[in-house]
Structure formats: structure tokens, C-alpha cells
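> here is the input, now give the coordinates:
(one chain, ligands or ions: 1)
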Amino acid sequence: MKKYLLLLSLFSTLVFTQTNIRLQVLGSGGPESGDKRASSAYIVWIDGKSRILIDFGGGASLRFEEAGAKIQDLDVILLTHLHVDHTADLPALVKSSFFTSASGQLHIFGPDENKFMPSTEDFIERLFENDKGAWQYLGDHLDGSASLQLKTHTIEDTRKPKVVYTLGNLRISAISVHHGPIPAVAYRVDIGNKSITFSGDMNGDYHTLGTLAKNSTILVAHNAVPKGTKGVGAKLHMTPDIIGDIAQEAEVKKLVLSHRMLRTLGRETESTKDIRKHYKGPLQFANDLSIYRVKN
Ligand SMILES: [Zn+2]
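Now for the predicted structure:
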């Protein structure tokens, strides 16, 4: 009996000390209006706290509230790239922090510059910096005077996974991905032995995502274009065939499809068929506020 109780207590300890990780989709849509979805945004919940934000496009701010997320619980914001549908609600989030107990440093990561886009550090300065920012009245979040300070980090082009942030058992890695002429990165969030990889917008030309996502518990891939897309769309985004190929190469345990647009909505059966040519694991199409348990 004593032995049984000891085993039971050991089992409970193991079960209850497991980190509880959930992925929540805030925005499952793209930049067009009419999809009735917020633009790209995700939260990683760790033990009930909204710790990591990935992208924050239009409509994400309202979804953030609806999800019950708290800015004071955020450690990191990961921007896959600086297009409007991935960043537009950022000023709203920063302003909302004034009415909360948020304090300390909030780290923002994002890609480097090229001739089409500023670096992430420049981007944040152009938004908020004293005297020159579009919302310069929020410059106190950069100059040390507000209780919440934004600490921006630009990620240089990297074709191998690069660890950009660690805290306890949390590790965040990034890799460059091809999104037409726009600098873009994919992220992998590892928490203990569980992991979520976020493709962001990309078309697969750099062949980097499969390496980053290797054996991920969940891969969030952007389903922005349908089968047979050519031209500009194919330079910017993965067709379902490419998504399936990468998911299979990376042997991910689950595939979540997001960034759904009018051109892919309603074509889920067709997209699934193409993905299934390569990837046989579990697959789900995301909606705003969808939640996924991250478990091996
Ligand atoms: Zn996008």
C-alpha cells in the first residue's frame, strides 16, 4: 500500500509539473477585407500566461482581449515580417499597456532591412521615437521613461536556424524564408520537449523551413494561395503542395493551416488533397481564437 501511494505521488508530481502549453490563433486571415477574420496573429500560452505573441495584424488587438490575454504577461513579440497584415495593431497594443501594470522590457524581434523595408529596429523607431515617430507621443516606451520599455532586435539574414532568445526552458530560433522581395523570418518556439514552428508568409524558395521545423509538435503554415497559383502569388506564398512537402520533410506531428484568404477559403478539400500527397499526419484549418494543446 505504501509503495502504491509512493508511486501515485510520483506520478502526480510528474503530471502536474508538466508545462501546459497552448497555441491560440488570434487572426487566421490575411490582408484583404471580406474574409471576416483578423489578420495574422498568434499567442503561445505557457501555464495559463500569454507569454509569446507572433505577429499582430489588423483586428488582432480585439482578439487579444477576447482571448483574455494580458500584455503584462508578454515576454516577446516575434514579427515574421513588417507587412500591414502582420503588424498593424502593434501601436494599439503598446498604447493599451498604459492602463495595465505592464513593466520591464518587452522584446520585439523581426527581420533586417532591404531596399523595400526598414529593419525592425528602424520600423519601431519610425512608429514611436520621440520627435520623429508617427506616434511620437508613445516615445516614452523607447526612451526609458515609461514603465514598459520596448527592446527591439533585428535578425540578420540567416539560412541556418539561429537561437535569438532563451529564458528558462524557453528557446526561440529564427531562419530566413523567401517572401518575394520582402525580408521575412520563420520562428520556432521550443518549450522543454515541445515545439511550435511558425512559417509566416513564404513560398519555400530558400528551402529553410523544413530544417527549422524538424520534428515540431505543431507547424503553423500559411495557406494564402490555392493549388496551381503562378506569378506574383507563387513568389510570395506556398501552394498546398509545397506546404505538404515541407510538413512531410520536417516530420511535424501536427499541421495547422492559417492566413486563410478568400482565394483559399472554401477550397479546403482541394488543398487537403494536395497536402496529403506528401504529409499524412493530423491537419487542421485554423479560425480566429482556435486553441491547440501542444503535446507530444
Ligand atoms: Zn500576410
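> where do the helices sit along the stretch 51-200 of the chain?
60-66, 84-87, 90-96, 120-128 (DSSP state H, counting those that start in this stretch).
> quick check: which of the ones you listed is nearest to the ion?
When those are compared by C-beta to the ion, helix 84-87 sits nearest the ion, at 4.3 Å. (Each C-beta comes from the backbone N, C-alpha and C, glycine too.)
> what comes up buried for the closest one?
Neighbour-count burial for helix 84-87 flags 85-87 (criterion: 16 or more other C-beta atoms under 10 Å).
> so residue 214 sits against residue 251, correct?
Yes - here residue 214 lies in contact with residue 251, judged by C-beta atoms under 8 Å, at a distance of 7.0 Å.
> count the residues that sit near the nearest residue to residue 149 once chain neighbours are set aside.
In this structure, residue 149 finds its nearest non-sequential neighbour in residue 105, 5.2 Å apart by C-beta to C-beta, 6 or more residues apart in numbering. Neighbours of residue 105 under the rule other C-beta atoms under 10 Å: 11.
> close enough to count as contact, residue 105 and residue 152?
No - counting by C-beta under 8 Å, residue 105 sits too far from residue 152 to count as a contact (10.4 Å).
> next, count neighbours for the nearest residue to residue 111 once chain neighbours are set aside.
Spatially, and ignoring its direct neighbours in sequence, residue 111 is nearest to residue 183 (3.8 Å; C-beta to C-beta, 6+ apart). For residue 183, the neighbour count with other C-beta under 10 Å is 25.
> that older thread, dump the residue contacts of the residue nearest to residue 149.
Residue 105 sits next to 149-151 when contact means C-beta atoms under 8 Å, 6 or more residues apart in numbering.
> out of the residues you listed, who has the most neighbours?
In the contacts of residue 105, the most neighbours by other C-beta under 10 Å go to residue 150, 20 neighbours.
> give the closest residue to it in space, chain neighbours not counted.
Spatially, and ignoring its direct neighbours in sequence, residue 150 is nearest to residue 141 (5.0 Å; C-beta to C-beta, 6+ apart).
> near the ion, which residues of the chain?
Within the chain, the positions near the ion by C-beta under 5 Å from the ion are 85, 201.
> below-threshold pLDDT in the chain: ranges please.
For the chain, residues meeting the criterion pLDDT under 70 lie at 1-17.
> follow-up on the earlier one: in strands only, show me the contacts of residue 105.
149-151 (DSSP state E).
> closest to the ion out of those residues?
Nearest to the ion among these, with distances taken as C-beta to the ion, is residue 150, at 22.3 Å.
> from memory the closest one sits against residue 143, does it?
No - Residue 150 sits out of contact with residue 143 when judged by C-beta under 8 Å, with a separation of 10.3 Å.
> residues touching the residue nearest to residue 150, list them.
Residue 141 touches 94, 97, 128, 148-150, counting by C-beta under 8 Å, 6+ apart.
> follow-up on the earlier one: redo the helices of the stretch 51-200 of the chain as TSV? Include distance to residue 257.
What follows is the helices of the stretch 51-200 of the chain, written out as TSV (distance: least, C-beta to C-beta, whole Å):
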stretch	distance to residue 257
helix 60-66	18
helix 84-87	16
helix 90-96	24
helix 120-128	26
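> ranking the ones you listed by burial, who's on top?
Highest mean neighbour count of the helices of the stretch 51-200 of the chain: helix 84-87, a mean of 22 (counted as mean count of other C-beta atoms under 10 Å).
> what residues does it touch?
In contact with helix 84-87 (C-beta under 8 Å, 6+ apart) are residues 29-31, 39-41, 55-58, 79-80, 123, 200-201.
> those: which two are farthest apart?
Using C-beta to C-beta, the pair of the contacts of helix 84-87 lying farthest apart is 29 and 123, separated by 22.0 Å.
> just give me the residue closest to the centre of the protein.
Among the residues of the chain, residue 54 comes closest to the average C-alpha position under C-alpha atoms, centre = their mean, at 3.2 Å.
> of all the helices of the stretch 51-200 of the chain, which lies closest to residue 284?
helix 60-66 (18.0 Å).
> let me know the secondary structure of the residue nearest to residue 279 when sequence neighbours are not counted.
Nearest non-adjacent residue to residue 279, counting by C-beta to C-beta, 6+ apart: residue 247, 3.9 Å away. Applying DSSP: H, G, I helix; E, B strand; the rest coil to residue 247 yields a three-state assignment of helix.
> show me the contacts for residue 247.
So residue 247 contacts 213, 219, 221, 255, 275, 278-279, 281 (C-beta under 8 Å, 6+ apart).
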